[in-house]
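Engineer: Dropping a prediction and its sequence here:
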Amino acid sequence: MKVVQKISYEHTLKILDNTISIVFYDVTTMYFEIEQEDDLRKIGFSKDGKSHNPQVVLGLLVAKNGYPLAYDIFEGNKFEGHTMIPIITAFKEKYKIDHF
């Protein structure tokens, strides 16, 4: 996961002339065709209408033109509104970015 994000970040930075001035964030859910929950796959709100299946929440941070910068996977029962700040904070700390 770390290698993919590093490659994606470096490629996006190169395309955007070494400047990331704006980011966008999107969240989706992915369900699993199983019945048992585990530490990550939890029953929660499903954008696919599969709330009875365990799922995960995937958060994606992108630059302008949709170039991917970072992503993270959260427990399936986590409210998506609580996923954006952790991804942005970790991204800014990792790449020493003060602001967008």
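Structural biologist: Looks like it came in fine.
Engineer: And for F91, the neighbour number?
Structural biologist: For F91, the count of nearby residues is 20 (other CB atoms under 10 Å). (Each C-beta comes from the backbone N, C-alpha and C, glycine too.)
Engineer: That one reaches I97, doesn't it?
Structural biologist: Yes - counting by CB atoms under 8 Å, F91 does reach I97; the two are 7.2 Å apart.
Engineer: what ranges of this structure fall below the confidence cut-off?
Structural biologist: 1 (pLDDT under 70).
Engineer: That one: helices as residue ranges?
Structural biologist: Using DSSP state H, the helices of the chain run over 2-15, 84-94.
Engineer: right, and these - which one's nearest Y67?
Structural biologist: Across those, Y67 has its closest neighbour in helix 2-15 (4.0 Å, CB to CB).
Engineer: list the buried ones in the closest one?
Structural biologist: 5, 8-9, 12-13 (16 or more other CB atoms under 10 Å).
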